[in-house]
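Got a predicted model here, sequence first, then my questions.
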Amino acid sequence: MDILFTQAEIAQRVREIGEEISRDYAGSSIVLIGVLKGAAIFLADLSRTITVDNTFDFVAVSSYGRARVSSGAVKLIKDIDNPIEGKHVILVEDILDTGLTLSYLRGLMLQHKPASLKIATCLDKPERRLVPIEADYVAFKIPNRFVIGYGMDYAEIYRNVPDIRLFPEELAGH
Ligand code: PRP
């Protein structure tokens, strides 16, 4: 599968975002909330490039026919473990696609009254958006191509591929 972003390119962008976050939150601490499972690897790397204190938590959601159904029902399967009231929170995603997942999660997290709430995503596919939502920190904007690796899967495999690769369109069912 052709490489879209190499390990080195990913590491460089993650470092840059980590530095930006460290500047933006200088003197405070952050809670990183990863959306399972895709975001696990990006979160693991990002957290280690951030020089201000940061802790992590994870949520899991299930979505129904996300690509086809514009109602985009999203259901929470696993909630955060620790309270985030009054804390600076960054939701961490591997990919921002239609935006339905992050819109839902943002609404949910805001109910917990964090001091602030931002979004960091490894990949952003702006042309796929169904609801208006933007990330505050984006490693790479990409066109509407199916990608795997660096946490992203095809039928649960390839998450461990260290670079981000293009999955063949004819196999992706596009
Ligand atoms: C992917 C990704 C986001 C969501 C983005 O998750 O991790 O959570 O889709 O899509 P959206 O912007 O259209 O809502 P997926 O359901 O593939 O689960 P995974 O993270 O376990 O791979």
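In hand now; what should we look at?

can you map out the helices along this protein?
Taking DSSP state H as the criterion, the chain contains helices spanning 7-24, 40-49, 100-110, 169-172.

Now do the lowest-mean-pLDDT helix or strand in the chain: everything it contacts.
For the chain, the helix or strand with the lowest mean confidence is helix 169-172, at a mean of 82 (criterion: mean pLDDT, DSSP states H and E). Helix 169-172 has contacts (CB atoms under 8 Å, 6 or more residues apart in numbering) with R145, F146, Y154. Placement of C-beta: from N, CA and C, glycine included.

Most neighbours among those, please name it.
Within the contacts of helix 169-172, neighbour counts (other CB atoms under 10 Å) peak at Y154, which reaches 17 neighbours.

Would you agree that residue is in contact with I148?
Yes - the pair Y154 and I148 qualifies as a contact (CB atoms under 8 Å) at a distance of 5.2 Å.

Can you get me a residue count around E20?
Other residues within reach of E20, judged by other CB under 10 Å, total 15.

Make 259 the starting number, not 1.
Will do, 259 is the new start, and the previous item becomes E278.

related to what we said a few turns ago, how about the helices of the chain in JSON lines, adding distance to A331?
Shown next, in JSON lines, are the helices of the chain (distance: least, CB to CB, whole Å):
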{"stretch": "helix 265-282", "distance to A331": "31"}
{"stretch": "helix 298-307", "distance to A331": "24"}
{"stretch": "helix 358-368", "distance to A331": "9"}
{"stretch": "helix 427-430", "distance to A331": "23"}
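
D394 is nearest to which of the ones you listed?
Each of the helices of the chain was checked against D394 via CB to CB, and the shortest separation belongs to helix 265-282, namely 8.6 Å.

Next, the angle helix 298-307 makes with the closest one.
When axes from the mean of the first three to the mean of the last three CA atoms, to 10 degrees is applied, the directions of helix 265-282 and helix 298-307 differ by 50 degrees.
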